[in-house]
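*Asks:* could you look at this predicted model? Sequence included:
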Amino acid sequence: MDKDLSDYRKTYNKGALLLEETPDNPMALFKTWFHEVDTNFEQDETNAMTLATIGPDGFPKSRVVLLKRFTYEGFIFFTNYESEKGVAIANNPHVCLSFFWHGAERQIIIKGTAEKIAENLSDGYFESRPRGSQLGAIASKQSSIVKSREVLESDLKELEQAYEGKEIPRPSYWGGYIVKPVTIEFWQGRPNRLHDRIRYQLDADYNWVKDRLSP
């Protein structure tokens, strides 16, 4: 590699995050930041987030998934329950989500517990998806070994023919999870690496307690 990574430098100067100006509930701040980034900064997918799980082998694994809804209760995404991430969550529901919005120089890290959402909510979201995405969810045995790309495409064509003119039911192995947070940390880049870090934690009475962390 020609470039020396130790020479990479970036100055962060697009904002500040002051403890006294933050709301009592972190979900209110998440909503504000999300909409500010989505509206004012160039971002391919504002709802792209990294999901980290601990697998049955004891190793962590991170991958990017898409946030599809957030409420004051938590963060919702959809996937194959039998995938590697689904197996990991069934084995250990403690997960971590992270958002990095480079344009706004902001990051959010969320620790929480993942659980399946109600079946009717998964049904509703599945019905809203394009038919191609619905069929793709059925055609893909996510995380399993597949012999070739041609096998996937052949399976998809067979499904297209089988469901032509018909409603496509949600497979039982596909649906949503909600991650209910126990800590949410907001990071705002600042000059001289003296970044702002505000962490919210749930206490024993389920109240949010917030602190400033050293960068």
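*Replies:* Alright, I've got the coordinates.

*Asks:* what average pLDDT does stretch 40-57 get?
*Replies:* What stretch 40-57 shows for mean pLDDT is 94.

*Asks:* kindly report the same for stretch 187-198.
*Replies:* Averaged over stretch 187-198, pLDDT sits at 95.

*Asks:* can you give me the buried ones in that stretch?
*Replies:* Neighbour-count burial for stretch 187-198 flags 187-190, 195-198 (criterion: 16 or more other C-beta atoms under 10 Å). Placement of C-beta: from N, CA and C, glycine included.

*Asks:* check stretch 40-51 too.
*Replies:* Neighbour counts over stretch 40-51 (16+ other C-beta under 10 Å) mark 46-47, 49, 51 as buried.

*Asks:* stretch 167-175 now?
*Replies:* Residues of stretch 167-175 classed as buried under the neighbour-count rule (16+ other C-beta under 10 Å) are 168, 170, 174-175.

*Asks:* quick check: the two most widely separated of those?
*Replies:* 168 and 175 (14.5 Å; C-beta to C-beta).

*Asks:* packing partners for the host helix or strand of residue 107?
*Replies:* Per DSSP states H and E: residue 107 is located in strand 106-116. Here strand 106-116 is seen to pack against helix 26-40, strand 94-101, strand 174-188 when contacts are counted using 3 or more C-beta pairs under 8 Å, 6 or more residues apart in numbering; DSSP states H and E.

*Asks:* parallel or antiparallel, list what pairs with it.
*Replies:* Strand pairing for strand 106-116, using DSSP bridges, gives strand 94-101 (antiparallel), strand 174-188 (antiparallel).

*Asks:* include distance to residue 16 when you put those into TSV, please.
*Replies:* As requested, the strands paired with strand 106-116 are exported to TSV (distance: least, C-beta to C-beta, whole Å):
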stretch	distance to residue 16
strand 94-101	15
strand 174-188	6
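
*Asks:* so for residue 88, which of those strands sits nearest?
*Replies:* Counting by C-beta to C-beta, residue 88 lies closest to strand 94-101 out of those; the figure is 8.3 Å.

*Asks:* confirm residue 143 sits in a strand?
*Replies:* No: counting by DSSP: H, G, I helix; E, B strand; the rest coil, residue 143 is not part of a strand but coil.

*Asks:* can you report how many residues lie near it?
*Replies:* By other C-beta atoms under 10 Å, 12 other residues sit near residue 143.
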